[in-house]
Structure formats: C-alpha cells, structure tokens
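Undergrad: Here is my input; please provide its structure:
(one chain, ligands or ions: 1)
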Amino acid sequence: MIAAAASRDGSSAAVMAGEAPLRERGQREVFCGLTGIVWLHRKIQDAFFLVVGSRTCAHLLQSAAGVMIFAEPRFATAIIEERDLAGLADANAELDKAVDQLLVRRPDIRLLFLVGSCPSEVIKLDLTRAAQRLSGKHAPKVRILSYSGSGIETTFTQGEDACLAALVPTLPVAETQPSLLVVGTLADVVEDQFRRMFSALGIDNVYFLPAHRDAEMPPVGPTTRYLLAQPFLADTARALDERGAQRLAAPFPLGAEGTAAFFGAAAKAWNVDPTLFQQVIAPAQERAARGLARYRAQLQGKSIFFFPDSQLEIPLARFLSRELEMQPLEIGTPYLHRQHLAEELALLPPDMVITEGQHIDRQLDRCRAARPDLTVCGLGIANPLEALGLTTKWSIELLFTPIHGFEQAADLAELFARPLLRRNLLVA
Ligand code: SF4
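TA: So this is what the prediction gives:
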C-alpha cells in the first residue's frame, strides 16, 4: 500500500546551491509503483495490467482507481496466496491459467503487463521468464511484458518508469528520417496541444511514448531525439540511450517558462528559425502569463515545503518560485537525477534547500518547525499535518491532473492556490 522502506541507496542528500550535500537515511512514506497503473491504463487503451500480488495490492488498486468504477477495468490482481510457497511450479501454472482465462474473457487485450509486487511469494516468481513463456503461447495476438511495481523497489511514479523501460526494447526500429519522441504519460489534451505546437514549428515525425495503442508504439533508433516530459524516467531514458536515441536536455514543460524552454530545445535541435519560434510560442506564452497573474496575487510570498514523493518536486519548485514568487523552504525528492534535472537546478534560486531520499521523522520535525504556508506531501501524512494546522496539497493529484504545457499553467497554479483558499475560508 504505502511503501515504508529505506531509500534505495540507504541515504539521502540535500543540495544547497552548490554546497556540500546533506545526506539523510531512514523510512519513507510514499505509495508504491503499482499506483502508476491508474494513469497508464487510461493512456494505453488496449493494454491490461495484471498485478501479481496480494490482497493488499488489490485493495490499493481498487481504492486508488475507485474513480474508474464506470470504466471497463483494464487492470486486475492475480492473488498469489501463501499456499503457493509450497511450490513455484504450482504458482507458475496458476499464473499461466489466470492469464489464459483473462485473454479468453478479454479478446480486446493486445498488450499485457505482468506487474510484480512485494510479497515474498511473488518475489520468488521470475516474471520476466513468465512473460516470455506466455508471449510464446499468445503471440502474435497479444504481447506480454513484465515490470515491477513493488514498494520495495519503486515509489509511485517509478511504476511508470519501469513500465516504459520494459516497452523500450520492444519498440520498432526507427527509419533514417529524424524523429522527435516525447517521453512520459501526458493527458490527451496536452498531447494534442504539443502536436499542434511542434507542427507549427515545422517539426514533423513527432511521437509520444506511451502511445494510445500497442500497434502505434513509436519507432526508436539513432535518428531519434527525445524530450523527457516527466522527471522520473531514469530507467526509460537509459533504455532509449541503449537504442541509440539522443536526449535533448531541457527543463520540464511545467509553467510558461519551462514549456517555452522545452519547445526551445526541440526548436534548436531542428534549427527552427528564431523568428518563427517566437511567432509560434509568444501567443501561448502570453496567454499562460495572463492566466498565472490571477494566482500570483494569492501565492506570492507564501512559503512551501515539499516532502519527497512524485519526483516532480524540483520542476514544481522552479515554477512556483520563478513564476509565482512562492518561497520553497525545503524541496524533498525521492531521487535526484542530476543530469536530467541540470537545467531545472540551474534555474532555481541559489539558496534553495534540496533533500534527496527521506528520513520521515526528521523531515516532519523540520516541517513542523518551519510552519510553511503550504506543504506538498503524500496522502499518508497529509491528515496529521492538517491536524497540526498546516495546509497540505496531495502530490498524487499532480499525476491525475493535466498540468503540462502553456494552456495548463494556470490550472497548475490553481492546484496550489486552492488549499490556501480553503484554509482561509475555514479560518474566516
Ligand atoms: Fe503494498 Fe507492496 Fe502491494 Fe504495493 S506492491 S500494494 S507496497 S504489498
């Protein structure tokens, strides 16, 4: 449910504008990678996510995805009970049977992900081999891949990273013509806006990973240049690099400034005429700036504290400090990928405190002492903080809401303004 394990390298780091990193280690409080299924299954419309897990995993998915109750479900849990400890062969046979039954019942499935979890019975199963075995049986109608969403190995956004990284080796080979790949699940409305913007810039051959359908997954190869749309895709980027694709370094498309720089990186790589770039970008940038002005009055000067949760914290702090004049007191992130975040870190004011990893008790102490105007955190600690009179924002909402791009900049600002407004109304 909520992963509470030591951070991956057993340590954490704080960066203060180039000063020596402060390292912490300890428990973390963040959802596991299974949570990513909730937004991934909406995006890849002929995929199915079969969690190989326990009743706890099933409960997590059901509550996290409760809003999808009217949708045809495209995820389920194959519950591996303790009795399976007696024999792995039995567990594998049971898994094969569950997959066979599922594919008979749901002939619309084209891509099936076996998603690993943390119960010890599941860890003993080799899901990579199971996926190969079952692929052999069900190809070419259905492709079967596997990845881990286990709370021991992943925080909640890392589930998407693991899923996309599993897809990359199977992507078709790119042709010789240069192409641009935007990597990371984006809301459909954002994807459409991005396509139009790239097209207006004269950048053709634009693909998105993941695609809406398995047959539309993008080609990749040495002629592919890619932009990361999300900051939590380290393994996916590594897999793309291995296929010969080249990453375009850019800030993430959050807020007007980040979005302009994101498109600017593609425009530079495609030698887009600077006048054309301005013509295309300026109207959207101005619209975004006008939208943001409404919220600056509410957010300006307000302090904000980020607990490490989604890995979106650094780009968000950059957006909130530079475009809305908020004051980040501490920016916690589960992992700090210095290379992917270099452009973001360069934009942050020099005195920002950044922590990597988590020691939940110490961080709670610092938060209580700082008494920020707004705290961005996971669901698990929001209520205790609210009980102390602190105003909180659930970081998971940032994954379920369209927040990328120019047209969504004001909506993103509103997500932070709303809890403050609610608190003011309660106090008044
Ligand atoms: Fe809980 Fe682990 Fe299942 Fe996630 S994968 S719901 S942390 S048991």
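Undergrad: for the stretch 301-428 of the chain, which spans come out with low pLDDT?
TA: Across the stretch 301-428 of the chain, residues meeting the criterion (pLDDT under 70) sit at 428.
Undergrad: ok, residue 262 touching residue 252?
TA: Yes - the pair residue 262 / residue 252 is scored as a contact, 6.8 Å apart, by CB atoms under 8 Å. (Each C-beta comes from the backbone N, C-alpha and C, glycine too.)
Undergrad: quick one: common contacting residues for the two?
TA: Listed as contacting both residue 262 and residue 252 by CB atoms under 8 Å, 6 or more residues apart in numbering are residue 229.
Undergrad: and the residue of the stretch 101-250 of the chain at minimum distance from the ligand, how many neighbours?
TA: Ranking the residues of the stretch 101-250 of the chain by distance to the ligand (CB to the nearest ligand atom) places residue 151 first, at 2.6 Å. By the criterion of other CB atoms under 10 Å, residue 151 has 26 neighbours.
Undergrad: so where does it fall, helix or strand?
TA: In this assignment (DSSP states H and E), residue 151 forms part of neither any helix nor any strand.
Undergrad: Would you confirm that it contacts residue 29?
TA: No - with contact defined as CB under 8 Å, residue 151 does not count as touching residue 29 (11.0 Å).
Undergrad: Identify the residues contacting stretch 291-301?
TA: So stretch 291-301 is contacted by 255-256, 320, 323-327, 409-410, 413-414, 416-417, 420-421 (CB under 8 Å, 6+ apart).
Undergrad: If any of these are buried, give me the PyMOL selection for them.
TA: To isolate the buried members of the contacts of stretch 291-301 in PyMOL, using 16 or more other CB atoms under 10 Å:
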select buried, resi 255+256+320+323+324+326+327+409+410+413+414+416+417+420
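Undergrad: ok, the contacts of stretch 291-301 vs the ligand, which is closest?
TA: Using CB to the nearest ligand atom, residue 416 comes nearest to the ligand of those, at 27.9 Å.
Undergrad: can you confirm that closest one is in a helix?
TA: Yes - according to DSSP: H, G, I helix; E, B strand; the rest coil, residue 416 belongs to a helix.
Undergrad: wouldn't it be in contact with residue 321 here?
TA: No - Residue 416 is beyond contact range of residue 321, at 11.7 Å (criterion: CB under 8 Å).
Undergrad: Contact residues of the stretch 1-150 of the chain facing the ligand?
TA: Residues of the stretch 1-150 of the chain that fall close to the ligand, judged by CB under 6 Å from any ligand atom: 1, 3, 32, 34, 53-54, 56-57, 60, 117-119, 149-150.
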